[in-house]
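Engineer: Predicted model and sequence follow; I will ask about them next.
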Amino acid sequence: MAVEDIDTAKRMVGETAGAIGMTRADSESAKNLLDSYGRAREGLMEEMRASLNQTDTSSLRDNWKSRCDRGKSLLETLDRAIPPAPNGTGLAGMGAGDFFSGEKKIWEKNGEADIAFVADVICMIYNADVQLIKKCNDELRSVRDGDKVVEELIQRNLSGLKGDAKDVLKTVTTKLAEKVLTGWMKEGAAKDYFKKWYQLIVKSFGENLSAVQQKRILKQTLLANIKLINDTKEKLSEEWIDAMYKKGEEFGKGLQGVGRSGSYNAFDWAKFGEECTKCLAQSRDRSKEQSKQIFSQLLPTLLEETNRAYAAFTDDKDKLEAWKSEMAEDMKSIDDALSKGDGLIKELEEGPYRQAARATFDEVKSLLGIGAKLLVSGTKEAEDEMKK
């Protein structure tokens with residue numbers, strides 16, 4: 001219990017009472033009044049100290065001011081209740097004038113709620129950190145779930161396109177080896193085969209573009225959170241928390257000096273300031289831990305996720321580059337194989353057979369050319385979409 005200042009004031013009252021010839025009853029009455037004030041004062045101090053550990057500080061400053069107003073009121077009531085003395089009225093008449101004036105100054109200064117302000121700010125930083133971490137983690141999980149679905153579709157289509165290209169190459173080379181390519185062309189089956197293949201390319205890239213658009217939206221969610229974290233760094237950083245704590249520490253240490261004078265040393269207020277500073281330090285450390293989680297863990301995770309999964313329209317950029325290279329090789333191999341077929345058709349005797357084979361072959365070559373261009377343009381369109 002903070003009673004050192006009260007005990008000093010009681011001692012001054014006893015000495016003054018003996019020096020000026022006051023009755024023992026009046027002296028004891030003044031001391032009892034001081035004890036009563038001291039207990040109420042300690043209760044207010046404890047309430048203020050405890051309020052610094054609250055997780056909801058929305059009313060902290062108002063309550064802090066109210067308690068200080070209450071403390072000042074109790075002090076003034078005490079002063080009026082002190083038995084009159086030949087030296088004057090109130091505590092000053094009983095030799096405790098320094099106590100009264102010093103206490104009053106401290107209650108007034110503490111009533112500015114500087115300590116409570118710092119505690120409120122640190123708590124708001126903590127709550128903002130917690131909310132930001134939850135928001136970003138929730139959205140990161142949602143993005144990852146969404147990307148998993150999108151990525152599976154893209155990879156399925158890319159794998160299908162690669163498999164289809166190899167099937168086309170195998171079909172053409174087999175027809176060549178079995179010397180039935182010209183007949184395949186003449187019957188028109190080749191045209192239907194290549195048309196179906198081209199339609200699969202159109203369908204796959206249509207689905208992929210739609211998937212990439214979804215993927216870009218997911219990417220924008222991550223980028224928005226990265227920007228949000230960077231924009232709030234000044235007010236949520238460990239450095240800012242430390243700066244606010246330093247202010248609170250100064251306010252706490254300064255209370256004693258506000259009222260100390262003469263016989264009044266304000267030792268109880270010095271202890272109060274120290275204990276408030278300890279509470280602020282606990283809040284500071286708790287808040288800094290959340291801040292560290294944001295800037296040392298969450299932000300790097302978001303940056304890594306963006307660079308890894310969204311650098312290209314697939315999660316694995318190297319895998320995409322390998323796919324593009326393999327597709328280019330397969331398309332060239334198909335074109336080379338068809339060129340051999342072109343030579344075989346040229347060797348045919350003029351007539352309906354050759355004409356039918358040539359007509360189909362030209363359509364097949366056209367479809368192949370358009371398909372090859374679509375593979376390139378479709379890939380580029382998807383890549384450009386991701387860069388938006």
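Structural biologist: That came through, no problem.

Engineer: And the residue nearest to R24 when sequence neighbours are not counted, which helix or strand is it part of?
Structural biologist: Of all residues not flanking R24 in the chain, A17 sits nearest, at 7.9 Å (Cβ to Cβ, 6 or more residues apart in numbering). All C-beta atoms are positioned from the backbone trio N, CA, C, and that covers glycine. Per DSSP states H and E: A17 is located in helix 4-20.

Engineer: Phi first, then psi, for Y264.
Structural biologist: Torsion angles at Y264 (phi, psi; degrees, to the nearest 10) stand at phi -100, psi 120.

Engineer: Show me what the host helix or strand of G343 is packed against.
Structural biologist: Here G343, judged by DSSP H and E, is contained in helix 317-346. With contacts taken as 3 or more Cβ pairs under 8 Å, 6 or more residues apart in numbering; DSSP states H and E, helix 317-346 sits against helix 114-177, helix 181-187, helix 352-387.

Engineer: between the one helix or strand F194 maps to and helix 317-346, how big is the angle?
Structural biologist: Taking DSSP H and E as the criterion, F194 maps to helix 189-231. Per axes from the mean of the first three to the mean of the last three Cα atoms, to 10 degrees, the angle that helix 189-231 makes with helix 317-346 is 160 degrees.

Engineer: My guess is E274 contacts G252. True?
Structural biologist: Yes: using Cβ atoms under 8 Å, E274 is in contact with G252, at 6.8 Å.

Engineer: Show me the common contact partners of those two, please.
Structural biologist: Counting by Cβ atoms under 8 Å, 6 or more residues apart in numbering, E274 and G252 have no common neighbour.

Engineer: neighbour count winner among the two?
Structural biologist: For E274 versus G252, neighbours defined as other Cβ atoms under 10 Å are more numerous around G252 (24 against 14).

Engineer: now that one: how far from L60?
Structural biologist: From G252 across to L60, the span is 15 Å (Cβ to Cβ, to the nearest Å).

Engineer: what's the answer for N225, then?
Structural biologist: 30 Å.

Engineer: got it, and I201?
Structural biologist: Using Cβ to Cβ, we find I201 at a distance of 65 Å from L60.

Engineer: Please apply the same query to G343.
Structural biologist: Noted for G343: a distance of 90 Å to L60, by Cβ to Cβ.

Engineer: likewise E289?
Structural biologist: Look at E289 and L60: by Cβ to Cβ, they are 21 Å apart.

Engineer: higher neighbour count, the two?
Structural biologist: Using other Cβ under 10 Å, the more surrounded residue of E289 and L60 is L60, with 20 against 12.

Engineer: which helices and strands sit right next to the helix holding A17?
Structural biologist: Helices and strands touching helix 4-20, by 3+ Cβ pairs under 8 Å, 6+ apart, are helix 24-51, helix 97-110, helix 267-292.

Engineer: domain parsing for the chain?
Structural biologist: Taking automatic domain parsing as the reference, the chain has its domains at 4-112, 127-235+300-387.

Engineer: just for this protein, where's the confidence low?
Structural biologist: Low-confidence segments of the chain (pLDDT under 70): 1-2.

Engineer: Please repeat the previous calculation with a cut-off of 50.
Structural biologist: Nowhere does the chain drop to pLDDT under 50.

Engineer: gap between the closest residue to Y353 other than its chain neighbours and R354?
Structural biologist: In this structure, Y353 finds its nearest non-sequential neighbour in K186, 5.5 Å apart by Cβ to Cβ, 6+ apart. According to Cβ to Cβ, K186 stands 8 Å off from R354.

Engineer: Tell me which of those two has more neighbours.
Structural biologist: Higher neighbour count among K186 and R354: K186, with 22 against 17, using other Cβ under 10 Å.

Engineer: surely E207 meets Q155?
Structural biologist: No: the pair formed by E207 and Q155 falls short of the contact definition of Cβ under 8 Å, at 11.7 Å.

Engineer: So for those two, which residue has more residues nearby?
Structural biologist: Legend: neighbour count by other Cβ under 10 Å for E207 and Q155, higher for Q155 (18 against 14).

Engineer: Verify the stated contact: that one with W323.
Structural biologist: No: contact criterion Cβ under 8 Å: Q155 and W323 do not qualify, at 9.4 Å.
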